[in-house]
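Enquirer: the amino acid sequence is not available; the structure is as follows:
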Ligand SMILES: C=C(O[C@@H]1C=C(C(=O)O)C=C[C@H]1O)C(=O)O
């Protein structure tokens with residue numbers, strides 16, 4: 001799958017399949033001694049391969065299952081340390097995992113009902129893995145570390161005061177830019193329209209009917225506002241709280 005497809009493209013790829021509950025059931029799938037769900041198997045095995053390529057030595061990639069990762073096959077690259085060392089210990093993928101499976105995917109299924117294919121557990125697991133790890137949500141949410149560092153450098157006095165007080169609410173207020181969030185949601189909705197329009201409605205041309213989409217573009221934008229952006233900001237707050245360590 002082309003990694004140039006926007007993050008929204010991977011969410012829309014997943015939306016074309018039904019929920020496929022067996023994909024997430026720990027008792028349906030067991031193989032070669034693996035005990036867990038199909039999607040856990042897919043993510044764990046993907047991360048093991050990527051770890052051998054050195055992926056998790058970079059500052060902006062975070063594993064979901066860090067305990068069983070093999071060492072890189074190559075000598076790790078030395079990346080410029082642009083973040084405070086506290087960043088190395090900050091991984092909110094457990095929250096990303098829960099948000100994706102307990103909130104985002106459920107809203108997809110409940111709101112869209114456009115899942116065309118059922119029984120495609122393998123495809124659902126591949127799409128989930130792309131959404132979570134390979135190209136999308138974890139990286140986007142953990143970019144919050146870099147955004148927080150820029151904000152700290154730009155206004156260190158203000159942030160240092162809130163960090164000294166360990167004031168989460170103050171930090172959240174300082175780092176929140178509602179206009180930027182609104183613009184991001186508009187951009188996401190536009191991309192969801194571009195990536196998610198049904199080919200049928202494009203081919204039939206402008207017969208006056210509203211375009212048909214695999215999933216409502218506004219839903220994708222709302223998922224960003226309800227779940228993805230708050231987690232991005234939570235990463236920023238957690239990073240800043242630790243920045244004076
Ligand atoms: C990422 C930033 O921090 C916050 C989170 C945003 C997001 O997740 O899109 C956008 C604006 C801010 O409220 C930013 O300021 O760019």
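Expert: Received the coordinates, thanks. Small disclaimer: the values here were computed from a predicted structure and weren't measured. Numbering: from 1, shown residues only.

Enquirer: how near is residue 231 to the ligand?
Expert: 8 Å (Cβ to the nearest ligand atom, to the nearest Å). Where C-beta positions appear, they are placed from N, C-alpha and C, glycine not excepted.

Enquirer: can you give me how far the strand or helix carrying that residue is from the chain middle?
Expert: Following DSSP states H and E, the helix or strand that holds residue 231 is helix 229-242. Distance of helix 229-242 from its chain centroid, counting by Cα atoms, centre = their mean, to the nearest Å, is 14 Å.

Enquirer: so what does it touch, helix or strand wise?
Expert: Contact here means 3 or more Cβ pairs under 8 Å, 6 or more residues apart in numbering; DSSP states H and E; on that basis helix 229-242 packs against helix 93-99, helix 137-142, helix 144-154, helix 156-164, helix 168-175.

Enquirer: and the contacts of the second one?
Expert: Read that as helix 137-142. Outside of helix 137-142, the residues within contact range by Cβ atoms under 8 Å, 6 or more residues apart in numbering are 7, 60-62, 64, 90-93, 96, 100, 131-132, 228, 231-232, 235.

Enquirer: out of the residues you listed, which are buried?
Expert: With burial judged by 16 or more other Cβ atoms under 10 Å, the buried subset of the contacts of helix 137-142 is 7, 61-62, 64, 90-93, 96, 100, 131-132, 228, 231-232, 235.

Enquirer: with the residues you listed in mind, which one is nearest to the ligand?
Expert: The nearest member of the buried ones among the contacts of helix 137-142 to the ligand, counting by Cβ to the nearest ligand atom, is residue 232 at 3.6 Å.

Enquirer: that closest one touches residue 148, doesn't it?
Expert: No: with contact defined as Cβ atoms under 8 Å, residue 232 does not count as touching residue 148 (9.7 Å).

Enquirer: list the buried residues in the one helix or strand residue 221 maps to.
Expert: Residue 221 is located in helix 217-223, with elements delineated by DSSP H and E. Of the residues in helix 217-223, 217, 219, 220, 221, 222, 223 count as buried by neighbour count, 16+ other Cβ under 10 Å.

Enquirer: ditto for stretch 92-112
Expert: Within stretch 92-112, the residues that qualify as buried by neighbour count (16+ other Cβ under 10 Å) are 92-93, 95-97, 99-101, 104-105, 108-109, 112.

Enquirer: same thing with stretch 145-152?
Expert: So stretch 145-152, judged by 16+ other Cβ under 10 Å, has buried residues 145, 146, 147, 148, 149, 151, 152.

Enquirer: doesn't residue 159 make contact with the last one?
Expert: Spelled out, that is residue 152. Yes: the criterion here is Cβ under 8 Å, and residue 152 meets it with residue 159 at 4.8 Å.

Enquirer: CSV for the buried residues of stretch 145-152, including distance to residue 139 and pLDDT?
Expert: What follows is those, written out as CSV (distance: Cβ to Cβ, whole Å; pLDDT from 0 to 100):
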residue, distance to residue 139, pLDDT
145, 11, 98
146, 11, 97
147, 13, 98
148, 15, 98
149, 16, 98
151, 19, 98
152, 21, 97
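
Enquirer: cool, thanks, talk later.
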